[in-house]
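Participant: Next one to model:
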Amino acid sequence: MLAAQTTVGQGLIVFTPLVVDGLWYTIIAFVLSHAAVLPKLREKSQLIDRLSGVVLILLAIRVIYSLL
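Facilitator: Numbers count the residues shown, from 1 in each chain. Down below sits the predicted model:
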């Protein structure tokens, strides 16, 4: 019998990524908001914004290209 065929198994399938993702984003939030890291992020914010923009533009181009 597969885990997805029982209620407990389905609960575990839902609960596992919920906990893992929740812990991951919580850890990232704590690390990036730490007093030693935050000033460095603020200094590099323009670079981070530009790189993020380039990545998003490239993704948009890829999506448009795949639709043609």
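
Participant: and after the helix or strand containing residue 30, which helix or strand comes next?
Facilitator: Using DSSP states H and E, residue 30 maps to helix 7-32. Downstream of helix 7-32, the first helix or strand assigned by DSSP H and E is helix 38-43.

Participant: Can you list the helices and strands that the helix or strand just after that following helix packs against?
Facilitator: Downstream of helix 38-43, the first helix or strand assigned by DSSP H and E is helix 45-67. If you count contacts as 3 or more C-beta pairs under 8 Å, 6 or more residues apart in numbering; DSSP states H and E, helix 45-67 packs onto no helix or strand. For every residue, glycine as well, the C-beta is placed using N, CA and C.

Participant: Domain parsing of the protein, as residue ranges.
Facilitator: In the assignment given by automatic domain parsing, the structural domains of the chain cover 1-33, 38-68.

Participant: Could you dump the ones you listed into CSV with mean neighbour count and mean pLDDT added?
Facilitator: Formatted as CSV, these follow (neighbours: other C-beta atoms under 10 Å; pLDDT from 0 to 100):
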stretch, mean neighbour count, mean pLDDT
domain 1-33, 10, 91
domain 38-68, 10, 96
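
Participant: Could you check how far the residue nearest the centre of the chain is from residue 46?
Facilitator: Centroid-nearest residue in the chain: residue 25, 7.5 Å away (criterion: C-alpha atoms, centre = their mean). Noted for residue 25: a distance of 24 Å to residue 46, by C-beta to C-beta, to the nearest Å.

Participant: same question, residue 64
Facilitator: Per C-beta to C-beta, residue 64 is found 27 Å from residue 46.

Participant: swap in residue 63?
Facilitator: From residue 63 to residue 46 the distance is 26 Å (C-beta to C-beta).

Participant: now residue 18
Facilitator: From residue 18 to residue 46 the distance is 35 Å (C-beta to C-beta).

Participant: Equivalent analysis for residue 24, please.
Facilitator: 27 Å.

Participant: need the contact list for residue 9.
Facilitator: By C-beta atoms under 8 Å, 6 or more residues apart in numbering, the residues touching residue 9 are 2, 3.
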